[in-house]
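A.B. asks: Dropping the sequence and predicted coords here.
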Amino acid sequence: MTTQQRALYTTAVESRPGVTEVRVSGDGGRTLPVVNPTAPGGLDERSGWGPEQLYAAAVATCMHQALELAAGVRGSDASGSSVTAEVSLEHDGALRYSLAADVTIEMPGLEGDARSTLIDEAIRFCPLAANVRVSGD
């Protein structure tokens, strides 16, 4: 089976030098305002989104959807749940950077083993969960 045959959904986003927005292809030409930091951590959040913020939004959304999927499969209650992704831009030397993501999952309706099992399953379901640290409330 080729990658093309396995794809459930495909999207592409184009970024160009000096542009203050990225264009989402295949989605009616929608755009997202983006900014380049003037210095690490120096984003003007009123004018656009930085890559770290977009990554945090993607990780939080993916994990929450995976949590709801896992809850549905197991017949568990995920109502009132929330997922927070905190992404840090880390400096590893001259012009070497990496991202670290910490995810906090709140599920007021589940505790103990049922909660742990559901979180483990959601991590397996979320394709963006690689290299993220997950903690509960």
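C.D. replies: Arrived safely.
A.B. asks: so where is the chain shaky, pLDDT-wise?
C.D. replies: 1-4, 27, 37-46, 136-137 (pLDDT under 70).
A.B. asks: The residue most central in space within it in helix, strand or coil?
C.D. replies: For the chain, the residue lying nearest the average C-alpha position, counting by C-alpha atoms, centre = their mean, turns out to be Val59 (1.3 Å). At Val59 the chain is in helix, as set by DSSP: H, G, I helix; E, B strand; the rest coil.
A.B. asks: Please report the distance of the closest residue to it other than its chain neighbours from Leu8.
C.D. replies: Distances taken as C-beta to C-beta, 6 or more residues apart in numbering put Ala85 closest to Val59, at 4.1 Å, once the chain neighbours are dropped. The way it works is simple: take the backbone N, C-alpha and C, and place the C-beta from them, glycine included. Here the criterion is C-beta to C-beta, to the nearest Å. By it, Ala85 lies 22 Å from Leu8.
A.B. asks: got a list of what Trp49 touches?
C.D. replies: Contact criterion C-beta atoms under 8 Å, 6 or more residues apart in numbering gives 32-35, 57 as the residues in contact with Trp49.
A.B. asks: one more time with 10 Å, if that's ok
C.D. replies: Trp49 is in contact with 21-22, 32-35, 43, 55-57, counting by C-beta atoms under 10 Å, 6 or more residues apart in numbering.
A.B. asks: Likewise for Leu32?
C.D. replies: 13, 15, 21-24, 48-49, 54.
A.B. asks: Okay, and which of those residues map to strands?
C.D. replies: Where these overlap with strands, as defined by DSSP state E, the overlap consists of 13, 21-24.
A.B. asks: Checking the residue nearest to Val59 next. Helix, strand or coil?
C.D. replies: State at Ala85, reduced to three classes by three-state DSSP: strand.
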